[in-house]
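Enquirer: the following comprises the amino acid sequence and a computationally predicted model.
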Amino acid sequence: CEPPSSAPARQVVIVGIGGLRADALGPSLTPFLFQLAQSPGVRAGTVDVSNGRTQQTFSAPGWITVLTGRWAREHGILDNDSAGPIKVETLFERVEEDVPGSRSLLVTQWKRLYELVRGRLDPRSGLHHATVLRADDAAIEQEVLGTWRRCQPQLAFIHLDAVDQAGHRGAFDVGDAGYAAAVRETDGRLRR
């Protein structure tokens, strides 16, 4: 990307942490996130997915719901194997409509998410959006720090997956040493 003439007045960062349990958020494992959650204007909430009116909690439909503001039945990504394309506008496209020439960024290590978003946005000419695939959360951190300084995006979605991977290797439990270590490491990454 080409550096903008000046930083945008407002920037939005959405951070997705795969596999992070709500009970892992606290001053001992996630001091940065805990402090951030105490900030004015931050609200916590839950979505009841047990009623059958929403969607299953597969990763791909969940992240695409975050990036579109629509349930799976509307955006068309019903499970992790859905071929796509995403059938509705993404937040990146909405920002471009509201602020022509705006910049946006998605950085992930999960190839499926990368492919779905890239497939939706690549055909759009004139959209100043970068969809970046990196090997792991450490590489994502470096990419975000460098790209953020260069591009100054109005909207960035950063998907971190080390916590989810640790949960699959061991247990999705704060008592599991590997899971707890991944949660702490992710909190430190976000602070940086």
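Expert: All right, it came through fine.
Enquirer: can I assume residue 29 is in contact with residue 184?
Expert: Yes: when contacts are counted by Cβ atoms under 8 Å, residue 29 is listed as touching residue 184 (5.7 Å). Heads up, the C-betas are built off the backbone N, CA and C, glycines and all.
Enquirer: low-confidence regions, this structure specifically.
Expert: The chain contains residues with pLDDT under 70 at 1-3, 43-54, 123-125.
Enquirer: now residue 18. Its backbone dihedrals?
Expert: phi -60, psi 130 (degrees, to the nearest 10).
Enquirer: where does the residue nearest to it when sequence neighbours are not counted fall, secondary structure wise?
Expert: Spatial nearest neighbour of residue 18, excluding adjacent residues (Cβ to Cβ, 6 or more residues apart in numbering): residue 164 at 3.4 Å. Using DSSP states H and E, residue 164 sits within helix 162-169.
Enquirer: which elements pack onto the very next helix or strand once past that helix?
Expert: Following helix 162-169 in sequence order, the next helix or strand is helix 177-191 (DSSP H and E). Under the contact criterion of 3 or more Cβ pairs under 8 Å, 6 or more residues apart in numbering; DSSP states H and E, helix 177-191 touches helix 31-37, helix 137-151, strand 155-160, helix 162-169.
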